[in-house]
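> quick one, what's the 3D model for this:
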Amino acid sequence: MLIEIVISVGILALVLIGVSDLMTRTQRVSTFQAKRDEANSIAKEILNDYRLQRENDPVGFSTTVSGINRSTCVEGKDYSCIALVEEVSGDVDITVTVSWVEGENTFSVSLNQKLNDL
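Residues are numbered from 1 along each chain as shown. I've put the predicted structure just below:
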């Protein structure tokens, strides 16, 4: 009788360890997904800012536009931003990369858009 109780408690402990590991991994994936979605939104906002610059100054946009390299994209958030601006055949090619550090790893989201003169 005692051996059966010990074995059943051991099996229950193994099941609970597996469930807690699954919950920890789910939480980690959920946090990563939320950060990736936020970084994607930041990159879209930066690209939108470049589009607004082009609409406000359609004639001089391709000659006055410049890239950015900021260690903080948004005040109070731990994202860094790099926007590379290249002029190609009269068009402006913009690549925005938003990075963040999670644990010992660095992750990033990159969006690219080609803007031409209006």
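
> just the pLDDT for Ile94.
Note on Ile94: pLDDT of 90.

> next: the one 10 residues further on.
What the model reports for Glu104 is a pLDDT of 90.

> point out where this protein drops to low pLDDT.
62, 117-118 (pLDDT under 70).

> quick one, strands of it?
Assigned by DSSP state E, the chain shows strands spanning 68-70, 79-88, 91-102, 105-115.

> ok, which of these comes nearest Glu55?
Nearest to Glu55, of all the strands of the chain, is strand 105-115, at 9.8 Å by C-beta to C-beta. C-betas here are computed from N, CA, C, even on glycine.

> identify the residues contacting stretch 29-46?
For stretch 29-46, contacts defined as C-beta atoms under 8 Å, 6 or more residues apart in numbering pick out 68, 73-74, 77, 79, 81, 83, 96-100, 102, 107-111.

> can I get the buried part of those as one PyMOL selection?
Applying 16 or more other C-beta atoms under 10 Å to the contacts of stretch 29-46, the buried members can be selected in PyMOL as follows:
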select buried, resi 73+79+81+83+96+97+98+99+100+109+111
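
> burial of Ile94, as a residue count?
Close neighbours of Ile94, defined as other C-beta atoms under 10 Å, add up to 21.

> my guess is it meets Gln113, correct?
Yes - Ile94 is within contact range of Gln113, at 5.4 Å (criterion: C-beta atoms under 8 Å).

> which residues do those two both contact?
Common neighbours of Ile94 and Gln113 are listed as Leu47, Tyr50 (criterion: C-beta under 8 Å, 6+ apart).

> quick check: beta-bridge partners of the closest residue to Phe107 other than its chain neighbours?
In space, Phe107 comes closest to Trp100 once its chain neighbours are excluded; the distance is 5.9 Å by C-beta to C-beta, 6 or more residues apart in numbering. Beta bridges link Trp100 to Tyr79, Phe107, judged by DSSP bridges.
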